[in-house]
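S.K.: below: sequence and its predicted model.
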Amino acid sequence: LAKTTQPISMDSYEGQEVNITCSHNNIATNDYITWYQQFPSQGPRFIIQGYKTKVTNEVASLFIPADRKSSTLSLPRVSLSDTAVYYCLVDSWGKFQFGAGTQVVVTP
Amino acid sequence: NAGVTQTPKFQVLKTGQSMTLQCAQDMNHNSMYWYRQDPGMGLRLIYYSASEGTTDKGEVPNGYNVSRLNKREFSLRLESAAPSQTSVYFCASRAGLGQGEAEQYFGPGTRLTVT
């Protein structure tokens, strides 16, 4: 399983863009990258998934460089409700591991 | 659709007692998972079932057993509870294992305390 490394925490102000980078040096050819968000006392919620280049949905963008050894989750114009823990996973045909995640705190 | 449901929501056990955590999904998903989450930590996979009739160990299977009763239901059993098993337990399901089926849907969790 490819291990992931993320910053432990990040602080931001409302309205700013937050970029969380995840390192996954030993990602395999067929693996893909998935990001989850977790609020206190709740189960994680899927945000986005990608294999290479850029993926965008209504809540986030995911940037993956050509070597795929890292990925960056971009949250545009965060609000207080985006305060949560964000997890990066490398999914190898249904095998993956949650890391410690990145605690993002958004303040007014 | 209810999504993923878990029972009970809370449970207190004494050391050595046994119990079964129930999980059910109504999304016709093939794969189901059991995780535990200790305070301030990420989720750790206990067991998973890639499809009906199969189960496999995850990262921390010791002290637990699972049963994939049918496609909808996946239960987790603690045969002899220990204080180290105090945690929040999450069940999750996903359609399959492929890239287009990556999204896991999580239940609300069961908060278990073992005294």
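M.R.: Nice, thanks for sending it over. Numbering: from 1, shown residues only, chains lettered A, B, ... in the order given.
S.K.: now the residue of chain A found nearest chain B. Nearest residue, chain neighbours left out?
M.R.: In chain A, the residue found nearest to chain B is residue A:43; the distance is 2.7 Å by C-beta to the nearest C-beta. (Each C-beta comes from the backbone N, C-alpha and C, glycine too.) Nearest-residue entry for residue A:43: residue B:106, 2.7 Å, with adjacent residues in sequence omitted and distances by C-beta to C-beta, 6 or more residues apart in numbering or on different chains.
S.K.: can you check residue B:52 too?
M.R.: residue B:71 (4.7 Å).
S.K.: give me the neighbour count for that neighbour.
M.R.: By other C-beta atoms under 10 Å in any protein chain shown, 16 other residues sit near residue B:71.
S.K.: over to residue B:34?
M.R.: By other C-beta under 10 Å, the residues close to residue B:34 number 27.
S.K.: which residues sit in contact with it?
M.R.: For residue B:34, the residues meeting the contact criterion (C-beta atoms under 8 Å, 6 or more residues apart in numbering or on different chains) are B:21, B:23, B:45-48, B:58, B:64, B:66, B:74, B:76, B:89-91.
S.K.: again, 10 Å this time
M.R.: With contact taken as C-beta atoms under 10 Å, 6 or more residues apart in numbering or on different chains, residue B:34 is in contact with B:6, B:21, B:23, B:44-49, B:55, B:58, B:60-61, B:64, B:66, B:74-76, B:89-92, B:107.
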